[in-house]
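[1] fold the following, please.
(one chain, ligands or ions: 1)
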Amino acid sequence: MKIFRDSGKLRKWCAERKAAGAKIALVPTMGCLHEGHLSLVREAKRKGADEIVVSIFVNPVQFGPNEDYAKYPRSEKSDLAKCRAEGAGAVFLPSPELMYAADHSVYVDETRLSKGLCGARRPGHFRGVCTVVAKLFNIVRPDFAVFGRKDWQQAQIVKRMVRDLDFGIEIVTAPIVRESGGLAMSSRNGYLSDEERGKALAINKAIAGVRCGMPAAQEKRRARSVLEKAGLKVDYVEMVDSSTLEPVSKTGKGTTVLVAAFAGATRLIDNRQL
Ligand code: AMP
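    Down below sits the predicted model:
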């Protein structure tokens, strides 16, 4: 497995592998890899990738000033071992200084799908995501890239960016991988105390309880009450149209239910397609 810290060397290696006929997949991550991330690597394999490039980069541009950039968990050694075990062809571990020139001044802004949900609560977050993903796409030039539906809004925004900016890269999405109690796996779960972890189980319960064919306002209230009774602080509960990401008034097939809630200081997200 190749390890690159320099985008120029990775670009050259990818171009050579491509010229040799390899189908290249990219799996972008922020590291501290868990089964959710590894499922994306497996999906890339299943989809016929000859070379899988995993990027591990805690992207400063997608964190707000009061968010957890500095304390975000980093575990390079075990991440590399996991990538090797899964058969990744290359891992890209750039430094922030390498990714962003001191006078970096160009960003990618999605202006519609990123207005609500996490985009409304985390100003600038999706601008940071789109910018770093666009950079990774330009460096690796993959045939396809795999994203988890755990970050469902992110996947929709990346698909829109690829369409609107003609990247010509297929975006594959993979299902949410959960812990045994139903909590969606996340690198941030490591922040949780045992008590908070117990409370966090209510997130999946709340979205699992949402019914089809009902007034969205009523289902939102029900879900919110499950979260609050468990002692979580609700950031949002939303029911949106899966293609426009606009709120719906009635739930049904094609509705996506999304929750963001705080267990203590840790913000967790989850979602489900009805
Ligand atoms: P992150 O490292 O949190 O930025 O996530 C990198 C990629 O892994 C994103 O495409 C996420 O959606 C995906 N991912 C993270 N957690 C999970 C999970 N529990 N199940 C499926 N995909 C996930």
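
[2] now do the contacts for Pro96.
    By C-beta atoms under 8 Å, 6 or more residues apart in numbering, Pro96 lies in contact with 59-60. For every residue, glycine as well, the C-beta is placed using N, CA and C.

[3] tell me how far it lies from the ligand.
    Noted for Pro96: a distance of 15 Å to the ligand, by C-beta to the nearest ligand atom, to the nearest Å.

[4] again, but for Pro94
    In this view, Pro94 and the ligand are 15 Å apart by C-beta to the nearest ligand atom.

[5] which of the helices or strands spans that residue?
    Taking DSSP states H and E as the definition, one finds Pro94 inside no helix or strand.

[6] thought it was touching Ser7?
    Yes: using C-beta atoms under 8 Å, Pro94 is in contact with Ser7, at 6.2 Å.

[7] these two: who's more crowded?
    Pro94 (21 against 17; other C-beta atoms under 10 Å).

[8] next up, the contacts around that one.
    Pro94 neighbours (C-beta under 8 Å, 6+ apart): 4-7, 55, 57.

[9] one more time with 6 Å, if that's ok
    Phe57 (C-beta atoms under 6 Å, 6 or more residues apart in numbering).

[10] quick one, phi psi at it?
    When read as degrees, to the nearest 10, the backbone of Pro94 gives phi -80, psi 160.

[11] show the pLDDT at it.
    pLDDT recorded at Pro94 is 98.

[12] can you tell me how far it sits from Glu196?
    32 Å (C-beta to C-beta, to the nearest Å).

[13] now swap in Asn59 and tell me
    For Asn59 relative to Glu196 (C-beta to C-beta), the value is 25 Å.

[14] which one's more surrounded, the two?
    Per other C-beta under 10 Å, whichever of Asn59 and Glu196 has more neighbours is Asn59, with 22 against 18.

[15] how about that one: what's its closest non-neighbour residue?
    Val132 (4.4 Å; C-beta to C-beta, 6 or more residues apart in numbering).

[16] and for the one you found, the neighbour number?
    23.

[17] which strand or helix spans it?
    Using DSSP H and E, the element containing Val132 is helix 125-140.

[18] show me what from the stretch 51-200 of the chain comes close to the ligand.
    When proximity is defined as C-beta under 6 Å from any ligand atom, the stretch 51-200 of the chain approaches the ligand at 147-148, 150-151, 174, 176-177, 184-187.

[19] now the helices for the stretch 1-150 of the chain?
    Remark: helices assigned in the stretch 1-150 of the chain by DSSP state H, counting those that start in this stretch are 7-19, 35-46, 76-86, 96-99, 117-121, 125-140.

[20] can you pull out the strands in the stretch 151-274 of the chain?
    170-174, 233-241, 255-263, 266-273 (DSSP state E, counting those that start in this stretch).

[21] closest to the centroid, which residue in the protein?
    Asp151 (4.0 Å; C-alpha atoms, centre = their mean).

[22] quick check: chain neighbours aside, which residue is closest to that residue?
    Nearest non-adjacent residue to Asp151, counting by C-beta to C-beta, 6+ apart: Ile269, 7.3 Å away.

[23] on that earlier part again, reformat the helices of the stretch 1-150 of the chain as CSV; add distance to Met161.
    Below are the helices of the stretch 1-150 of the chain laid out as CSV (distance: least, C-beta to C-beta, whole Å):
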stretch, distance to Met161
helix 7-19, 19
helix 35-46, 18
helix 76-86, 25
helix 96-99, 18
helix 117-121, 13
helix 125-140, 5
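
[24] next up, the contacts around the residue of the stretch 101-250 of the chain found nearest the ligand.
    Closest to the ligand within the stretch 101-250 of the chain is Gly148: 2.1 Å, counting by C-beta to the nearest ligand atom. With contact taken as C-beta under 6 Å, 6+ apart, Gly148 is in contact with 36, 40, 174.

[25] any idea how far it is from Phe4?
    For Gly148 relative to Phe4 (C-beta to C-beta), the value is 23 Å.

[26] same thing with Arg112?
    Distance from Arg112 to Phe4, counting by C-beta to C-beta: 34 Å.
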